Every structure is written in C-alpha cells, then in structure tokens.
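Asks: fold the following.
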Amino acid sequence: MSKPVLGLVLGGILGIFDGLSALLSAPETAPQIVGIVIGSTIKGLIVGVLIGWFARKVDSLPMGILFGLLVGAFFAFLVALMPGEGGEHYYWEIVLPGSILGIIVGYATQRYGRTPRPQTA
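Replies: Numbering: from 1, shown residues only. Here you go, the predicted structure:
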C-alpha cells in the first residue's frame, strides 16, 4: 500500500479511537460522542494523508515520527481551541491522543508504506 493511502486508512481508523478516548478523559462529553468521533475521524484522515505525503517525500523514520507528532499535535490543538458547550477547553484531552495518533501514523507510513517505483522508459 502506498504511504499516503496507508496514512489515510490508518489515520481514519485511529481517528475513531482518538474520538472514543473522550469517554475516558472527559466523561461529561458522552452526549456529544457521535460528533466527537466523526470530527476525530475526519481529523485523522487529514493528518494521515499529510503524514503519508511527507513519508513519500522524506525517507527517514525519525523525521517521519517527528513530523507525525507535530502535525497530529497541531491539528488536535486547532480542535482544542474550540470551547465545549460550557465554554471549557479540553487541551490535554484532545492534544495528547492526537499527538499519539500522529506518532503511530508517522512510524507506520515510514516503516510499512510502499515507496513508488521509478518508471522505466
């Protein structure tokens, strides 16, 4: 599987679990869990494609993991900026799982993603 496609698939799957982690870290968000899971899945898809694209351009496991961490944390931080219904912010509850998602996808795309073969004329 190509690196961007692997990033997309893995980001989407892990995005579901990222959203479900809200039930553990902030149980008061249970009534909004469907929206949280959908949003986290979309965020995971976007982050996964970006990490896969980077993995295709830069063939370095440490750089892939670092890029995954930074992109995952950045997009999670953007989501955490939006206040909850009561005006509260859940920075650590959102940024930490988003960062972990980025690290895992960064590792997997570098380690297991297929690099394109050069075309012969």
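Asks: which neighbouring elements make contact with the least confident helix or strand in the chain by mean pLDDT?
Replies: The helix or strand of the chain with the poorest confidence is helix 22-25; it has a mean of 91 (mean pLDDT, DSSP states H and E). When contacts are defined as 3 or more C-beta pairs under 8 Å, 6 or more residues apart in numbering; DSSP states H and E, helix 22-25 sits against helix 33-57, helix 91-112. The C-beta positions use only the backbone N, C-alpha and C, and glycine is treated the same way.
Asks: could you dump those helices into a markdown table and include distance to Val71, mean pLDDT and mean neighbour count?
Replies: Shown next, in a markdown table, are those (distance: least, C-beta to C-beta, whole Å; pLDDT from 0 to 100; neighbours: other C-beta atoms under 10 Å):
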| stretch | distance to Val71 | mean pLDDT | mean neighbour count |
| --- | --- | --- | --- |
| helix 33-57 | 5 | 95 | 21 |
| helix 91-112 | 5 | 94 | 22 |
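Asks: looking at those, which is nearest to Leu78?
Replies: Ranking the helices and strands packed on helix 22-25 by proximity to Leu78 (C-beta to C-beta) places helix 33-57 first, at 8.6 Å.
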